[in-house]
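> here's my sequence, what's the structure:
(4 chains)
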Number of protein chains: 4
Amino acid sequence: MIKAGIIGATGYAGAELVRLLLGHREVEIKWYGSRSYIDEKYAKVYGNMFQLVEDECLDDNIEELAKQVDVIFTATPQGFLAGVLTEEILKNTKVIDLSADYRLKNVNIYEKWYKIEHKSPQFLEEAVYGLCELNREEVKGARLVANPGCYTTCSILTAYPLVKEGLIDPNTLIVDAKSGTSGAGRGAKLPNLFCEVNENMKAYGVASHRHTPELEEQLGYAAGKEVTISFTPHLVPMNRGILATEYASLKKVKQPDGTFAFPSCEQVKAAYDKYYHQEYFIRVLEQGMCPETKWVEGSNFADIGFQIDERTGRIIMMGAIDNLVKGAAGQAVQNMNLMFGFEENQGLALVPMFP
Amino acid sequence: MIKAGIIGATGYAGAELVRLLLGHREVEIKWYGSRSYIDEKYAKVYGNMFQLVEDECLDDNIEELAKQVDVIFTATPQGFLAGVLTEEILKNTKVIDLSADYRLKNVNIYEKWYKIEHKSPQFLEEAVYGLCELNREEVKGARLVANPGCYTTCSILTAYPLVKEGLIDPNTLIVDAKSGTSGAGRGAKLPNLFCEVNENMKAYGVASHRHTPELEEQLGYAAGKEVTISFTPHLVPMNRGILATEYASLKKVKQPDGTFAFPSCEQVKAAYDKYYHQEYFIRVLEQGMCPETKWVEGSNFADIGFQIDERTGRIIMMGAIDNLVKGAAGQAVQNMNLMFGFEENQGLALVPMFP
Amino acid sequence: MIKAGIIGATGYAGAELVRLLLGHREVEIKWYGSRSYIDEKYAKVYGNMFQLVEDECLDDNIEELAKQVDVIFTATPQGFLAGVLTEEILKNTKVIDLSADYRLKNVNIYEKWYKIEHKSPQFLEEAVYGLCELNREEVKGARLVANPGCYTTCSILTAYPLVKEGLIDPNTLIVDAKSGTSGAGRGAKLPNLFCEVNENMKAYGVASHRHTPELEEQLGYAAGKEVTISFTPHLVPMNRGILATEYASLKKVKQPDGTFAFPSCEQVKAAYDKYYHQEYFIRVLEQGMCPETKWVEGSNFADIGFQIDERTGRIIMMGAIDNLVKGAAGQAVQNMNLMFGFEENQGLALVPMFP
Amino acid sequence: MIKAGIIGATGYAGAELVRLLLGHREVEIKWYGSRSYIDEKYAKVYGNMFQLVEDECLDDNIEELAKQVDVIFTATPQGFLAGVLTEEILKNTKVIDLSADYRLKNVNIYEKWYKIEHKSPQFLEEAVYGLCELNREEVKGARLVANPGCYTTCSILTAYPLVKEGLIDPNTLIVDAKSGTSGAGRGAKLPNLFCEVNENMKAYGVASHRHTPELEEQLGYAAGKEVTISFTPHLVPMNRGILATEYASLKKVKQPDGTFAFPSCEQVKAAYDKYYHQEYFIRVLEQGMCPETKWVEGSNFADIGFQIDERTGRIIMMGAIDNLVKGAAGQAVQNMNLMFGFEENQGLALVPMFP
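Below is the predicted model:
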C-alpha cells in the first residue's frame, strides 16, 4: 500500500484521480491539495464523494507533501510544478505531472507556445513522457513523469503505428479533434456555461493550440525526423470524450509481388496489431467500425478505427478516449502502476459505461 | 464463483447488469440471452463491450438456462417471466426478475394496471420484494426476487422512514419524479429519438403510471394501512438518473415537553438515521443540501435530502438514484449478493462519476 | 415607430429582447445598455447578432435614456430599478421592468424574501403586474409595468382559472417547476457550467424561492383570500423552457342535478376556456395531452394541459412556456404592445421551433 | 399570395418548411403531404403546431397537387421524385426538391453513390442546383430546383471563393463536418435514440458519404476541372447545426511586388468579400473569429471564418449553418423567393436564437 498526494485535487482531472484511486487496492490518498478550497471538506466541493472522502482540502505545500507520500500527482495549471520542483522533492517521492511542464524536451518551444518562462528546465532531460504504450520501460524507472495531454494521447495513439511503419506521410497529417467540455476545466468562465456550450459546436485555438508541438515532437520520434502537423480542436456539447479524426496521405509500400502500391486494409491492420496487439487499453476495432466516444466513457480504453479512401489516396484514422481517464487521470494511474510495479491495469479495469 | 444468466441482456438494464457483473469477483456470466440478437456477438450490440465480452447472444430458453446457472436475471418485458416460470426452474436456480411480474401481491391490481393476464400467480406469495434495505432478511432466503421499479426504489426509500415513524400523513404524499431517458428502454420509438427528447421536458403517464400501485403497496406496509398516492413521472433530457421530489403534510408529534408540534429538522433527521444509519448505499445528506442525480451516476447510491416548510406545514423530501443501477441492475446485484451470502456491496462499491 | 432602450441588454433576457425587437415592425432599439461591456460592440458579446446589430454597449444612464426613448426595458438585477427610478423618468418614458422590484405590492414581503431594502416603494401602488392575460386593461394605461417572473408566469397561468372558479382548494396547491438553465442567467458561476448541469438534475431554493410570494399574491387575488402555496424549482439540462406540474385537491361543485361532486373533465375544460378561449398566446391542449417545453420553444405561447385523478381527488395541471419569451422578453414585448396600442401579437407571432 | 404544397411534410425538413412558410407573407400552404400520417391532424404529429395548423395530412398525390398549387416542395426519400416527376407536372407548377434526385448532372454518379436507379434522368439537364448565392440567375428562371444537401451547402459556401480564385489547391481539400442529429431524420431508428447520441460522438459514412460527389461536382465547376475531395461527416449530440472544418494547401499567388507567396489574411478576406460582400445570408466573420453553430440557429445565415497556418502552408476554413434552415428548408424558401420574384429574404429575416 503506497501513499499518494494530489495537488490540484478539485479540478476535474484531480477529481477523476480521486475517483480512480479510491478504487485502487494499492493506494491510499493522503493529501487532497486545493489552493481554492483550503480547509473545506472535499465532499462539499464534490457532492459525489459524500461519505466516501472525509478529508478536508489542504494547501499546496509540495515540499512537505513530498516527505509524506510515495507519489505526488500534480493536476495544476501550466508553470506551477516547474516553479516549485526541486531535486530534494524528487529524492523523496515520485512525481506524475498532469500539466504540460515537462512534456516538451525543448524549453524554447515550451516557452513559445505556452508564453511563460520555464523555471526548472534542468528536469526536462530526466522527465519521461508518460504515454505508457510507447514509453513503458522508461516510465518504470522514472522519478518524474510528464503525463501527456488529452488531445495528444488520443491523436498520437491513433497515428503512431502508421507513422512508425512508414505507411503514411507524416507531414500530410491533419488532426481534427473534438472534445467534451470537461477538458476546459472547472473554472467559472462564461464560454463554459451550459447555455453557451449546449446545442453548440465550434473550433478553437485554430493553428495555435498548445498540444500541437507535443504532437509533433512525439510523432517526430516515430517518423525519425521533424514533422509538421495541422491540429484543430473543437468543443462538443458533452461532458467527456475525445474523438480524433486524422487524415494522411498513404505512402506506396513494397508489396509481396515486388511492386509498390498503397497499403491494403490488412497491411494497415497488421501495422496497428504489431504495436497494440498485446495492449490491454488499446482496442483496434474491426474493419469498417468507427469508434464512438461513448464506448470508452469512464474507462481507460483508447479505441481506434480506420478507413482507406482509395479515391483520394488518403487514410482516415479515428481514435476515441475518455479525456479525463486515458487522457488524464487514468493514464496517470497507469503510469503510477508502472512506476511502482503494480499490475498495469490495477484500478483501471473499468468497463465503459453505456449509456 | 457462481454462474449467472441474463435473459434480456441487450436492453439497457441488461447491459448494465453485464457491466456490473464483469466487475464482480464472485460471478461469471454464462448466458447472454437476447431474442432480438440471437447468434450475434454481444460486443456488436454494445460496442463498449468490445474485447471484454466475446460471447454471442442466445435465445431465451429459461428451462435450459436454469440447469446451467446459479442465478437468472430476467430483464424482460412485463409478462414474460410470469409466462414461463415453473417450480422446476425455481428448484434448479434462483431468479431475480427486473420486470414487474412479481412485485405486486394482489394479482387483480397487477392485471388492472398492466392490462395483461398474470400467467403464474401461484408464485406471487413466495416472491420477495427486493428493496434490499427494507426486506434484507427475506431476500437472503428467497428463490424468487421481484426487483423493484426504478421510480419506486427512489420514491419509497425517500419517504419510508417518515411514513414508518408517522411523521407525515401518507395520504397527502405527492411524488413528482423526473427520469433520464434510459428508463424508456432501447426500443426504437419515435418519442425516444434524440431530437424529440433533447431540449425538451414533459410529464407522461399522469395519474396512470404503473409504478403507482407498487409505491402504494410498499408504503402501505410502512403506514400499516392502505394509502393513496399521487405519482407523476417526467422525461428529462439526460441518459441516467431519477430525481424524486416528494411532498407531504407533516403530522404533529409529541415533543419532549409534552406538547404536540411539527417535527423539527433534527427529529426528521433522526427518523432517517434510525433506518439508514448503517446502510452503505443510502446517503442522507446534510441539512440544507439537495441531492443531484450526477452525484450518484454510475453508482448504487441513493441520496436523500429534505426541507421542512413551516409556512405550509409540509415537508419536501428529495431522493436521487441512478435509474440503471440502484433503480435496476445494481439493486439486482445487491439482491444477488444477499441471496448468495456475498458481501452486500461486492461489485457495487462504485464511486459516482462526476462529471 | 417608437424608440426603445434596454438596460441590461447583455443578459440572456436582454438578448432575447433584442432578438424579438429586431423582428418588431414598430420599434427601433436606440440603446443597448450594459454596465459590463461599455463601448464594446454588442455583436462581440452575442455572436449571433453579427451584422444585425452594429451598436456598441452603453452605460446604464437611465435619466438620460428616459429623454431619448419611448420605452425602457430593465433586465437588471433585483434592486437596480428601485434604486434609480424617479417621477421624472416616468414622466418622460414608459418603463417595463423585468426584475422583481415592483411585482409585490407589499414592501415588507419584498424586503423579507429578497433581503434588500426597497428604495422606491412609492411606485409600488402604481406599478401594474404585467401578466397580460390577467391585467390587460391595467397594462394598457400603465407607465410602469412589473413584468412577471418566469416561474410565476407559467405557474399562475396554469392554475388561475381553476382557482378563480373555485374548482380547487388553493391552499393545497403544490407547484413543482422545472426550468432550463438560461433562467440562471449569464453570470460565470460554477454551478452553471456545462459539466455541472449537463446529465444532472436537482431542486434548489426549496421552500425559499423568491417567486413564491409573487405566486401567492396573484393567486390570492384570484381566490379572493390569502393563500399559501408550496413551490419548488428545479434545474434541467436544457437551455430554454419551463414546465410546471401543479397539484391541487379538487373541490366538490354543484352539478346540474343539484348534487355536489368533483368537477368533470368538461367542467375543468370549460373553466379554462372561459378565461383563455380568446387568448392568442394560451393554448389549452386537448384532453389527455401533456405539454412539452419543446412545443413552445422560441415562441410566446403558454401551453396548458390537465389530468383529473379520481383516486386521489386531485387534479394535476401542467403548463409549459419558453422562460425567455413568455417568461421574460416576450411578455415584456406583449406588455409594450398593449401600452402603445400595437396589435398584441405584433413581433410575437413566432412559430415554435421543433426540434 | 401563392399556394404551396409539401410532400413529406412530417419529416424534420418538411416541418421546418411549415415553420418558415407560416411566417412568409406571400405563401399559403395548401397541402400537407405525409404518407405515414394520412388523415391525421398535422398538429397531432407536431405538437408545436397546435392551433397554428388545422389541416390534416394528405397522401402523396403529386399530379393532383400540381394542379392546385404554384410550387411543390418535396422533402422525400431519395428516388421518390425521380420516380413520379413528369413534364405535365412541371407545366403546372414549379418544383423544389429537397432530396438528392436532381443534384448530380451525371446519372451514373448518382446511381453509383445512391445505389438506386434514376427513373427520370431526362430532367437532370434542366434542373438547377439551388445554391442561391452561386446560381441565383439560373434559379430565377427554373421550373425544377435541386435544393442542395445540408453538408454540401455548408462545405461549398465555405470553400467556394478560395477555389474559384485559385488560392487553394482543391485536390488537397479535406472537409471534416459535424452535424446535429436532426440531419438523420425523424425515422425511429436505434442509432438515433437519445441515449445512443447523447454524450457521444462518432464519424460515419467515412469515405463513402453521398454528399461527396455533390461537393466535388460543384467545387469542380469553381475550379474549372475535376476535383477529388475527402469528406467525413460526424454525428454530434445537438439538435441543429452543421460545422464544417475544411483544410487545404494554399497556393502561392502573385503579390503586388511581383513575387509569389502564400496569400495574406487580407487577400483571403478579399476573396471572400468579392463573392459574399453583398450576400444577406452569408456572414464572413472578422479575422480571428471561429463560427459557432449556435450563432446561426434557427436562421438562414451561413457564417464563415478562416485561419491561415503558416507553419503548414495550409488554411483552415470553418463554416456554420443551421442544417434545417440554410441546409434544407430555409434555402428551399430562398429558392422559392427567387423563382417567384419575392424579396430574397422574405420570411427568412430570422434572428438566430441564442441560447
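
> can you verify my assumption that residue A:251 contacts residue A:165?
No. Counting by Cβ atoms under 8 Å, residue A:251 stays clear of residue A:165, with 9.6 Å between them. All C-beta atoms are positioned from the backbone trio N, CA, C, and that covers glycine.

> got phi/psi on residue A:167?
Here is the backbone geometry of residue A:167 (degrees, to the nearest 10): phi -80, psi -20.

> any idea how far it is from chain C?
Going from residue A:167 to chain C by Cβ to the nearest Cβ, to the nearest Å gives 38 Å.

> look at the spatially closest residue to that residue that is not a sequence neighbour and give its secondary structure.
Nearest non-adjacent residue to residue A:167, counting by Cβ to Cβ, 6 or more residues apart in numbering or on different chains: residue A:263, 5.1 Å away. Using DSSP: H, G, I helix; E, B strand; the rest coil, the structure places residue A:263 in coil.

> residues near residue A:99, how many?
21 (other Cβ atoms under 10 Å in any protein chain shown).

> do residue A:269 as well
Applying other Cβ under 10 Å, I find that residue A:269 has 16 neighbouring residues.

> now name the helix or strand holding it.
helix A:265-276 (DSSP states H and E).

> quick one: residues in contact with that helix.
A:133, A:160-162, A:164-165, A:167, A:253, A:263, A:282, A:284, A:287, A:304, A:306, A:308, A:315 (Cβ atoms under 8 Å, 6 or more residues apart in numbering or on different chains).

> quick one: contacts for the residue nearest to residue A:167?
Residues in contact with residue A:263 (Cβ under 8 Å, 6+ apart) are A:167, A:250-251, A:253, A:271, A:308.

> now, of those residues, which are buried?
With burial judged by 16 or more other Cβ atoms under 10 Å in any protein chain shown, the buried subset of those is A:167, A:250-251, A:271, A:308.

> with pLDDT added, can I get the residues you listed in a markdown table?
What follows is the buried ones among the contacts of residue A:263, written out as a markdown table (pLDDT from 0 to 100):
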| residue | pLDDT |
| --- | --- |
| A:167 | 98 |
| A:250 | 98 |
| A:251 | 98 |
| A:271 | 98 |
| A:308 | 98 |
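
> is it true that residue A:231 touches residue A:210?
No. Assessed by Cβ under 8 Å, residue A:231 is found out of contact with residue A:210, at 9.8 Å.

> show me what contacts residue A:104?
Applying Cβ under 8 Å, 6+ apart, the residues near residue A:104 are A:110, A:113, A:124, A:213-214, A:217.

> which of the buried ones among the contacts of residue A:263 sits closest to residue B:18?
Of all the buried ones among the contacts of residue A:263, residue A:271 has the smallest distance to residue B:18: 32.0 Å, by Cβ to Cβ.

> re the thing from before, farthest pair in the contacts of residue A:104?
The distance between the two most remote of these (Cβ to Cβ) is 14.4 Å, for A:113 and A:124.

> where along the stretch 251-355 of chain A do the strands fall?
A:253-254, A:260-261, A:282-284, A:302-309, A:314-321 (DSSP state E, counting those that start in this stretch).

> how does chain A divide into domains?
Split into domains by automatic domain parsing, chain A comes to A:2-126, A:151-323.

> closest to residue C:205 out of those domains?
Of all these, domain A:2-126 comes closest under Cβ to Cβ, at 16.9 Å.

> now the end-to-end length of the closest one.
With Cα to Cα, to the nearest Å as the measure, the ends of domain A:2-126 fall 23 Å from one another.

> quick one: low-confidence parts of chain A?
For chain A, no stretch has pLDDT under 70.

> residue A:71 touches residue A:7, doesn't it?
No. Between residue A:71 and residue A:7 there is no contact under Cβ under 8 Å: 11.5 Å.

> name the residue in these two with the higher neighbour count.
Using other Cβ under 10 Å as the criterion, residue A:71 and residue A:7 rank with residue A:7 on top: 27 against 22.

> beta partners for the more buried one?
For residue A:7, the beta-bridge assignment (DSSP bridges) gives partners residue A:33, residue A:74.

> residues contacting it?
Neighbours of residue A:7 in contact, by Cβ under 8 Å, 6+ apart: A:31, A:33, A:60, A:62, A:65, A:72-76, A:80.

> select from those the one having the most neighbours.
That'd be residue A:73 among these, by other Cβ under 10 Å, with 32 neighbours.

> state the distance from that one to chain B.
Distance, residue A:73 to chain B, by Cβ to the nearest Cβ: 16 Å.

> closest to chain D out of the strands of the stretch 251-355 of chain A?
Proximity to chain D (Cβ to the nearest Cβ) singles out strand A:302-309 among the strands of the stretch 251-355 of chain A, at 3.8 Å.

> show residues contacting that closest one.
The contact list for strand A:302-309 (Cβ under 8 Å, 6+ apart) reads A:153-154, A:157-158, A:250, A:262-265, A:268, A:272, A:276, A:281-285, A:288-292, A:295-296, A:315-321, A:326, B:50, D:206-207, D:230.

> ChimeraX command to pick out the buried ones of these?
Command for ChimeraX, covering only those of the contacts of strand A:302-309 found buried under the criterion 16+ other Cβ under 10 Å:
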select /A:153,154,157,158,250,262,263,268,272,276,281,282,283,284,285,289,290,291,292,295,296,315,316,317,318,319,320,321,326 /B:50 /D:206,207,230
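
> where does residue A:247 sit: helix, strand or coil?
Under the three-state scheme (three-state DSSP), residue A:247 adopts strand.

> okay, and the beta partners of it?
Beta-bridge partners for residue A:247, by DSSP bridges, are residue A:174, residue A:316.

> any figure for the gap between the closest residue to residue A:305 other than its chain neighbours and chain C?
Counting by Cβ to Cβ, 6+ apart, residue A:305 lies nearest to residue A:285, which is 4.3 Å off, once chain neighbours are set aside. Residue A:285 sits 26 Å away from chain C, going by Cβ to the nearest Cβ.

> my read is that residue A:285 contacts residue A:291, right?
Yes. Look at residue A:285 against residue A:291 with Cβ under 8 Å: they come within range, at 6.1 Å.

> now the phi/psi pair for the nearest residue to residue A:39 once chain neighbours are set aside, please.
Of all residues not flanking residue A:39 in the chain, residue A:56 sits nearest, at 5.5 Å (Cβ to Cβ, 6+ apart). When read as degrees, to the nearest 10, the backbone of residue A:56 gives phi -100, psi 160.

> anything in the longest helix seen in chain A near chain C?
For chain A, the helix reaching the highest residue count under DSSP state H is reported as helix A:150-164. No. Using Cβ under 8 Å from any Cβ of the partner chain, helix A:150-164 never reaches chain C; the gap is at least 14.2 Å.

> could you list everything residue A:96 pairs with in the sheet?
residue A:73, residue A:145.

> that one: neighbour count?
The number of residues near residue A:96, taken as other Cβ under 10 Å, comes to 27.

> same thing with residue A:138?
Residue A:138, neighbours per other Cβ under 10 Å, totals 15.

> show me what the helix or strand that contains it is packed up against.
Using DSSP H and E, residue A:138 falls within helix A:132-140. In this structure, helix A:132-140 makes packing contacts with strand A:128-129, helix A:150-164, helix A:330-340, judged by 3 or more Cβ pairs under 8 Å, 6 or more residues apart in numbering or on different chains; DSSP states H and E.

> this completes my enquiry, with thanks.
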